[in-house]
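Student: Take a look and give me a structure for this.
(2 chains)
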There are 2 protein chains.
Amino acid sequence: MLDNRLMQALAAVVQEGGFEKAASRLHITQSAVSQRIRSLEDAMGQPLLVRASPVRPTEAGQRLLAHYRRVRHLEDDLLATFRSSSPSDAMDTPVVMPLAVNEDSLATWFLPVLRPFLASRPVLLDIYTDDQEVTHALLRTGVVTGCISSLATPIQGCRCVPLGRMDYQCLATPQFVSRWFPHGVEEQALRRAPAVTFNRKDLLHCRFAALWGVEDNGFPPHYVPSSSQFVEMIRAGHAYGMVPHPQGNPLLHSGELIPLAPHHAVPVSLYWHHWNLGTSLLEELSETLVQGCRKHLL
Amino acid sequence: MLDNRLMQALAAVVQEGGFEKAASRLHITQSAVSQRIRSLEDAMGQPLLVRASPVRPTEAGQRLLAHYRRVRHLEDDLLATFRSSSPSDAMDTPVVMPLAVNEDSLATWFLPVLRPFLASRPVLLDIYTDDQEVTHALLRTGVVTGCISSLATPIQGCRCVPLGRMDYQCLATPQFVSRWFPHGVEEQALRRAPAVTFNRKDLLHCRFAALWGVEDNGFPPHYVPSSSQFVEMIRAGHAYGMVPHPQGNPLLHSGELIPLAPHHAVPVSLYWHHWNLGTSLLEELSETLVQGCRKHLL
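Tutor: Numbers count the residues shown, from 1 in each chain, chains lettered A, B, ... in the order given. Modelled structure (predicted):
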């Protein structure tokens, strides 16, 4: 059977991005790390790491890591059942849960929904945020155990659970609307008014503008890659933009912002993809997410 | 002299990450984009793009792009002086300002400080956030015109202006402190209490833990890569962590959070690096940042 210590060294080198940091984390020397990786490569009969900067796994290395992380998760779950009798010591050996979450979910409902789970379970979150294709790849290669995504495409070995819908409304201050959209939303106004979008991968504003025949890059955008500051740009009257309903609703109710096109919300369905391992920890997390999203999503 | 249309095509391919999207942005066909890149490569006598996915510039391509962006910025600044007589049309041809900003600055003082500048100038922000070394590289290669960083290392062709200091305090809820730090901050407690850090490149918590002889990876961390949700993890009582003073002070004053080690704030000095072009737009932005930081930073 494979030696877990060798696989642990491989995982540490990939996660920390180098041999030196991996050695520091494992409390062993750098040459011991190299030795373990070489032993594992001998056992597998092929290279597992591309020795570039930063170090990254080969395709074979990725498959081995995905296997290791599944085994690790199963073991963590097993040990948690042994520990549950002495909860006060639980955080001594907490379970690390690597999860990928899209930016808007992280900025709004994700942590509030997770509160009861985090309060009752000795878990450390290891959250990744990135483009949806990237987060899917992180799940496929076994870097994360689960991911929140608007893609419904199932991933091999994983379950896909629908969570609900976020509606994105196009919002601005009343002053902004009377300056830039005096005749309502129309093509010429969309081509001139400063918009705010998250980054170049954010296609929500494109979907909205397309409803009025304005193509991608047909509108002038600010790029502000921070969910909270994205909304601040709109509140300060510098721009208009697509805001998810958990962030937008309070500002609509207070009258601070108004909708530019109330009947043209852009809906985004969200899905929870996770390894189909049936461990109690993942089952409980899934249940918490599904229950919590009933309140926060549509 | 170099043909600006050819350089514009190169910049669009790199910025949009492909020939197809570049064609859509420039409103020309994809084969016209390819043709322009080839003409430019013929003129320069070497390849300017690595045709991988995503497309990226070669070292020669990077140098050409840095030149192009400087010329572009100088031209934008010139045209802005022509336009200033008819301010109502200003947003028709806004000036794009690519800037790199560290996450905590973006989450706190950056946009509030920029308000008067954004309100008076026809500018579109194009904000990048990343690791400090990466943002420095973005400035060096001419992708951004300026960057906020805690590195004081000057960059060739750029000016470096000190802005002030953010102080990071180690904060938690009173309940968290009595559960995990009943005897104050000490090595054994640091090795057990769940911390929250931004991501694996965030070294502030390491600097704090090192004061008590706890090495990197000696404490159990949650990784939450969102400045606002980072603070929410602490407010919800799931973790303790290093909070910059603009975010921490209101929570300290209300008594919601308390400092774990009031005399051990970790100071971070911030610097504004920008191209030394002497354009009125960059000068005005610098002046706005320096003035505004007097209020928000220490």
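Student: what's in contact with stretch A:60-69?
Tutor: A:4, A:7-8, A:10-11, A:14, A:40, A:44, A:46-49, A:57, A:98, A:140-143, A:145 (CB atoms under 8 Å, 6 or more residues apart in numbering or on different chains). The C-beta positions use only the backbone N, C-alpha and C, and glycine is treated the same way.
Student: Enumerate the positions of it that are buried.
Tutor: A:Gly61, A:Gln62, A:Leu64, A:Leu65, A:Ala66, A:Tyr68, A:Arg69 (16 or more other CB atoms under 10 Å in any protein chain shown).
Student: if we can go back for a sec, quick one, which of the contacts of stretch A:60-69 are buried?
Tutor: Neighbour counting by 16+ other CB under 10 Å classes A:7-8, A:10-11, A:14, A:40, A:48-49, A:57, A:98, A:140-143, A:145 among the contacts of stretch A:60-69 as buried.
Student: check contacts around A:Gly255.
Tutor: Neighbouring residues of A:Gly255 by CB under 8 Å, 6+ apart: A:Pro174.
Student: how would you label it: helix, strand or coil?
Tutor: Using DSSP: H, G, I helix; E, B strand; the rest coil, the structure places A:Gly255 in coil.
Student: Please report how far A:Leu48 lies from chain B.
Tutor: Taking CB to the nearest CB, to the nearest Å as the measure, A:Leu48 and chain B are separated by 21 Å.
Student: nearest residue to that residue other than its sequence neighbours?
Tutor: In space, A:Leu48 comes closest to A:Gly61 once its chain neighbours are excluded; the distance is 3.6 Å by CB to CB, 6 or more residues apart in numbering or on different chains.
Student: now whichever helix or strand that neighbour is part of: mean pLDDT?
Tutor: Remark: A:Gly61 resides in helix A:59-83, with elements defined by DSSP states H and E. Per-residue pLDDT over helix A:59-83 has a mean of 76.
Student: angle of the helix or strand that that helix is followed by against helix A:59-83?
Tutor: Sequence order places strand A:95-101 as the next helix or strand after helix A:59-83, per DSSP H and E. Angle between the axes of strand A:95-101 and helix A:59-83 is 130 degrees (criterion: axes from the mean of the first three to the mean of the last three CA atoms, to 10 degrees).
Student: Could I get the average pLDDT for strand A:95-101?
Tutor: Averaged across strand A:95-101, the pLDDT comes to 89.
Student: Which strands and helices lie in contact with that strand?
Tutor: helix A:59-83, strand A:123-128, helix A:132-140, strand A:146-149, helix A:280-296 (3 or more CB pairs under 8 Å, 6 or more residues apart in numbering or on different chains; DSSP states H and E).
Student: Can you give the contact residues for the third one?
Tutor: Okay, so that is helix A:132-140. Here helix A:132-140 has contacts from A:66, A:100-102, A:128-130, A:144-147, A:149-151, A:153, A:155-156, A:158, A:273-275, using CB under 8 Å, 6+ apart.
Student: Now that helix: buried residues?
Tutor: Going by 16+ other CB under 10 Å, helix A:132-140 has these buried residues: A:Gln132, A:Thr135, A:His136, A:Ala137, A:Leu138, A:Leu139, A:Arg140.
Student: Please apply the same query to the last one.
Tutor: In terms of neighbour count (16+ other CB under 10 Å), helix A:280-296 has its buried residues at A:Leu281, A:Leu282, A:Leu285, A:Ser286, A:Thr288, A:Leu289, A:Gly292, A:Cys293, A:His296.
Student: Dump these to JSON lines, plus pLDDT and distance to B:Ala236.
Tutor: Conversion of the buried residues of helix A:280-296 to JSON lines gives the following (pLDDT from 0 to 100; distance: CB to CB, whole Å):
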{"residue": "A:Leu281", "pLDDT": "85", "distance to B:Ala236": "20"}
{"residue": "A:Leu282", "pLDDT": "87", "distance to B:Ala236": "22"}
{"residue": "A:Leu285", "pLDDT": "92", "distance to B:Ala236": "16"}
{"residue": "A:Ser286", "pLDDT": "92", "distance to B:Ala236": "21"}
{"residue": "A:Thr288", "pLDDT": "93", "distance to B:Ala236": "14"}
{"residue": "A:Leu289", "pLDDT": "94", "distance to B:Ala236": "16"}
{"residue": "A:Gly292", "pLDDT": "92", "distance to B:Ala236": "14"}
{"residue": "A:Cys293", "pLDDT": "92", "distance to B:Ala236": "18"}
{"residue": "A:His296", "pLDDT": "86", "distance to B:Ala236": "15"}
